[in-house]
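Novice: what's the 3D shape of this:
(chains A and B)
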Amino acid sequence: MKSMKHVKGFWLSIVLAIIFSVVIQFLITGGTLNSFYVNTLFSIGINIILAVSLHLIIGITGQFSIGHAGFLAVGAYASAIITMKLALPFPLALLVGGIAAAFAGLVIGIPTLRLRGDYLAIATLGFGEIMKIVFLNIDYVGGASGMTVSHLTTWPWLMACVLITIVVIINFTNSTHGRACLSIRENEIAADAMGINTTYYKVMAFVIGAFFAGVAGALHAHNFYIIQPANFGFLKSFDILILVVLGGLGSMSGSVIAAILLTIISTFLSNYPEVRMLIYSLVLIVMMLFRPQGLMGTKEFTDLLKIGKGAKGGSQDVNKQTIA
Amino acid sequence: MFPIPFRKGVAFMEQLIQQLVNGISLGSIYALIALGYTMVYGIVKLINFAHGDVFMVGAFIGFYSITVMDLGIFPALLVSMAACALFGVLIERIAYKPLRNATRIAALITAIGVSLFIEYGTIYIRGAQPEAYPDGIVPLKSIDLFGVSISGQSLLILGVAIVLMILLQYIVHKTKIGKAMRAVSHDQDAARLMGINVDNTISATFAIGSALAGAAGVVFGIYYTKIEPLMGIIPGLKAFVAAVLGGIGIIPGAMVGGLLLGVIEALVSAAGFSLWRDGVAFVVLIVILIFRPAGLFGKNVREKV
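Specialist: Numbering: from 1, shown residues only, chains lettered A, B, ... in the order given. Predicted structure coming up:
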C-alpha cells in the first residue's frame, strides 16, 4: 500500500509541476511577466538543478565537495562550444555539457574520493580553481574575456531539465544505490565493513552530481549571453554550497526551497554585492552555531505534509546531525 | 623541454639562482602562513579557512601603522602581529569554540563563513580599492651574491621568516605553553585530565598562528606592494597546500612545504608558464594527496573505529 501512495504522490507532483510550468509559459508569452521576473525564474531553475546535484554529493553521500563551480564551468564551456563553434542544436549541447562534466567528475573523483572529509574538500576546491585556470589559458574559448553565447535557454527546456534532475535524484536516493550512498554518509567504515564498495558508490554519486551540474552549466551559459572563467571561481562554488547547507544537509526539498529563497533574496540584493556576501556568510555562521541541520534537517517537504514518504533523504531523527 | 635559452652555462645558472631566490622569498611567506594552518589543524583538526584573511588583515594593519601612525617597519610588524593575535583569538572564541564538539563538516562550513565575513566586512568598511605600501621603507640594501642581486625586501622577508621560525621552535619546544600545546594536540582528553587548561592552550595556538600570518601579511605588502581585501584567498589556499605538502600538523613540515611550493612556483614561472602558476599549487596538492596523503614528513596513521 505504501508504494501505491508513493506512486500517487509522485504522479501528482509531476502533474502539478507540468501545470505550473505551462501556466508560467503562457504568462511569459502573454507578456504578463516582465523580463525581471522571467530572469529571476530562470535563475531559480538553474540554481535548483545546481543545489539538487550538490545535495546528492554532500547531503546523500556525505562527501564534502566545494568545487561544484568547476563542473558548472565544464558544462558551460562544453555546451557553448557545441552551439557556438560547431553550430549544433541546443538539446545536444545540454547533453554534451552534462557528459563532459560527468567525465570531469569521473577523472577527478576516482583519485580524490579515496580521501576523506577535509582533504576531499580541499582537493575539490583545488579542482575548481584548476578548471578556472585551464579555461583562462585556452584561447579557443576566449581566455579571460570569455565567450559570447546566444540566448537559447527557453522555459520548457529549463523546466524539463529541472524535473528530470529532481526525478532522477529522488529515484536514485530511493534505489539500492541510494541506500548504499546513505550508509556511506552515516558511517563510511561501517558501510565498508558491510561489504559496500564505498569508492564505487562515492564516484557514482559524484559523477551523477557532476552530470547535472554540467547540464545546469549549459543552461546557465545559454541564459547569460557571456561566460567568463572569473564567474566560475570559489565564490560560485560557495553560492551553491550555501543552498545545500541552508536547506538542510540531506533534504532535497530543503535544497529546492533554499534555492528559491536565496535566488530571490540575492536578486533583490544584486545592487549591493558586499551586503549580500555579508548576509550569506553570517547566515552560514549563525546556522552552524544554532541550527547545524539546516532549515529542513533531513526531512522532506512531503514528510511535513504527510502526503507520502516519497522523497525521503535520510533518517527521521531531526535532532541528530549525522554527517561526519 | 626547458624553454630557458642556454646562452651560456653561467648565465643560465645565474638566472636559475635568481629564480630560486625569488621562490624562497615567496616560499617564506607561504611558510609563515602555513605554520598557522598546521598548528591549528594539529590541535583542533580544523582547516581554518579564515587564516588567509587574518593574513590580509595583518597586511592592512601594517599598512595603516606605517602610513597613518608613521611607525617604522619593525614596530609596524609588531603592531600587526599583536593585533592579529588578538583577532585570531576573537575568531576562535566566537565562531569555533561553540562548535568544538560539533561535526567536522559544521566546523568547516563555519570556517568558510568566517572567511567570507572577514573579506566582505573589510570591503564593507573600507571599500574594495587596493592600497600600495610606500616605497623605500626597507632599511636594507640589496646585495650581490655570485652575480645574483638579492633585493632588500627579499633579505627582510628571509630575516623575518627565519627569526620567527626559530622563535616558534623555541616556544613549542622549550616553554610551558608549548609543552601544553603539544600535549593537547596529542590527546586532548588526557591533557585535560593532567590539569592543562585546554581552552587557553587552543586560544594560544590561534594567537601564535595568527601573529605569524600577520607578520606574513606585512612582509607580503612590503615585497609585492599592492594589498586588497581579497588578497588572502589565493595565498591562504596555497599556504594550506604547503601545509599538506609538508604533512599537516607538523611544524617543520609546514616550513619545508612552504619553501618548496614557493620554489616550484618560481621555477614554473621561469619556464614560461607564468599563467599556469596558480594552478600548479593545486596540481601539487592533488598529486601529494593521491600518493602521500600524510605529507612529506607525516607518518601514516591507521584509522581506528
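Novice: tell me which element the most centrally placed residue in chain B is part of?
Specialist: Most central in chain B under C-alpha atoms, centre = their mean is residue B:33, positioned 0.8 Å from the mean C-alpha point. Here residue B:33 sits within helix B:9-44, counting by DSSP states H and E.
Novice: Give me the mean pLDDT for the following helix or strand past that helix.
Specialist: Using DSSP H and E, the helix or strand that directly follows helix B:9-44 along the chain is helix B:51-67. Mean pLDDT, helix B:51-67: 93.
Novice: try stretch A:141-156
Specialist: 83.
Novice: Okay, buried residues for the helix or strand where residue B:157 lies please.
Specialist: Assigned by DSSP H and E, residue B:157 belongs to helix B:152-174. Neighbour counts over helix B:152-174 (16 or more other C-beta atoms under 10 Å in any protein chain shown) mark B:152-158, B:160-161, B:164-165, B:168, B:172 as buried. All C-beta spots, glycine's among them, are computed from the backbone N, C-alpha and C.
Novice: And for stretch A:268-280?
Specialist: Going by neighbour count (16+ other C-beta under 10 Å), the buried part of stretch A:268-280 is A:269, A:274, A:276-280.
Novice: Please apply the same query to stretch B:17-33.
Specialist: Residues of stretch B:17-33 classed as buried: B:18-33 (neighbour count, 16+ other C-beta under 10 Å).
Novice: chain center to that stretch: distance?
Specialist: Centroid separation for stretch B:17-33 versus its chain: 12 Å, with C-alpha atoms, centre = their mean, to the nearest Å.
Novice: now do stretch A:147-158
Specialist: 18 Å.
Novice: That stretch: end-to-end distance?
Specialist: 21 Å (C-alpha to C-alpha, to the nearest Å).
Novice: What helix or strand is the residue in the stretch 51-200 of chain A that chain B sits nearest to located in?
Specialist: For the stretch 51-200 of chain A, the nearest residue to chain B under the criterion C-beta to the nearest C-beta is residue A:126, separated by 3.4 Å. Under the criterion of DSSP H and E, residue A:126 resides in helix A:117-137.
Novice: got the buried residues for that helix?
Specialist: Using 16+ other C-beta under 10 Å as the test for burial, helix A:117-137 gives A:117-136.
Novice: For that helix, C-alpha coordinates in PDB please.
Specialist: Only the C-alpha atoms of helix A:117-137 are listed here, as PDB (Å, rounded to 0.1, in the frame of the first residue of the first chain):
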ATOM      1  CA  GLY A 117      36.500  14.900   4.900                       C
ATOM      2  CA  ASP A 118      38.800  17.900   4.900                       C
ATOM      3  CA  TYR A 119      41.200  16.600   2.400                       C
ATOM      4  CA  LEU A 120      38.400  15.900  -0.100                       C
ATOM      5  CA  ALA A 121      37.100  19.400   0.500                       C
ATOM      6  CA  ILE A 122      40.400  20.900  -0.300                       C
ATOM      7  CA  ALA A 123      41.100  18.700  -3.300                       C
ATOM      8  CA  THR A 124      37.700  19.500  -4.900                       C
ATOM      9  CA  LEU A 125      38.400  23.200  -4.200                       C
ATOM     10  CA  GLY A 126      41.700  22.800  -5.900                       C
ATOM     11  CA  PHE A 127      39.900  21.100  -8.900                       C
ATOM     12  CA  GLY A 128      37.500  24.100  -9.200                       C
ATOM     13  CA  GLU A 129      40.400  26.500  -9.300                       C
ATOM     14  CA  ILE A 130      42.300  24.400 -11.800                       C
ATOM     15  CA  MET A 131      39.300  24.400 -14.100                       C
ATOM     16  CA  LYS A 132      39.100  28.100 -13.900                       C
ATOM     17  CA  ILE A 133      42.800  28.500 -14.800                       C
ATOM     18  CA  VAL A 134      42.500  26.000 -17.600                       C
ATOM     19  CA  PHE A 135      39.700  27.900 -19.300                       C
ATOM     20  CA  LEU A 136      41.600  31.100 -18.600                       C
ATOM     21  CA  ASN A 137      44.500  29.800 -20.700                       C
END
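Novice: So for it, mean pLDDT?
Specialist: What helix A:117-137 shows for mean pLDDT is 84.
Novice: Each with direction, which strands does the helix or strand just after that helix pair with?
Specialist: The helix or strand immediately downstream of helix A:117-137 is strand A:147-148, counting by DSSP H and E. Using DSSP bridges, strand A:147-148 pairs in its sheet with strand A:226-227 (antiparallel).
Novice: who touches the strand it pairs with?
Specialist: Residues from elsewhere that reach strand A:226-227 (C-beta atoms under 8 Å, 6 or more residues apart in numbering or on different chains): A:73, A:76-77, A:80, A:146-149, A:220-221.
Novice: Against residue A:245, how distant is residue A:112?
Specialist: According to C-beta to C-beta, to the nearest Å, residue A:112 stands 21 Å off from residue A:245.
Novice: Just want the most central residue of chain A.
Specialist: Within chain A, and using C-alpha atoms, centre = their mean, the residue nearest to the centre is residue A:50, at 2.1 Å.
Novice: which residues of chain B fall in helices?
Specialist: For chain B, the helices defined by DSSP state H occupy B:9-44, B:51-67, B:73-91, B:104-126, B:152-174, B:176-186, B:188-193, B:198-224, B:233-246, B:251-270, B:277-291.
Novice: Only the C-alpha atoms, please, for the fifth one, written as CSV.
Specialist: Okay, so that is helix B:152-174. Output in CSV follows, covering the C-alpha atoms of helix B:152-174 (Å, rounded to 0.1, in the frame of the first residue of the first chain):
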residue,chain,number,x,y,z
GLY,B,152,66.5,44.4,0.4
GLN,B,153,62.9,43.2,0.5
SER,B,154,63.9,39.6,0.0
LEU,B,155,66.5,39.9,2.7
LEU,B,156,63.9,41.3,5.0
ILE,B,157,61.5,38.5,4.3
LEU,B,158,64.1,35.9,4.8
GLY,B,159,65.3,37.5,8.1
VAL,B,160,61.8,37.9,9.5
ALA,B,161,60.8,34.4,8.5
ILE,B,162,64.0,32.8,10.0
VAL,B,163,63.7,34.8,13.2
LEU,B,164,60.0,33.9,13.7
MET,B,165,60.6,30.3,12.9
ILE,B,166,63.4,30.0,15.4
LEU,B,167,61.2,31.8,18.0
LEU,B,168,58.3,29.4,17.2
GLN,B,169,60.5,26.3,17.6
TYR,B,170,61.7,27.8,20.9
ILE,B,171,58.1,28.4,22.1
VAL,B,172,56.9,25.0,21.1
HIS,B,173,59.8,23.0,22.5
LYS,B,174,61.1,24.9,25.4
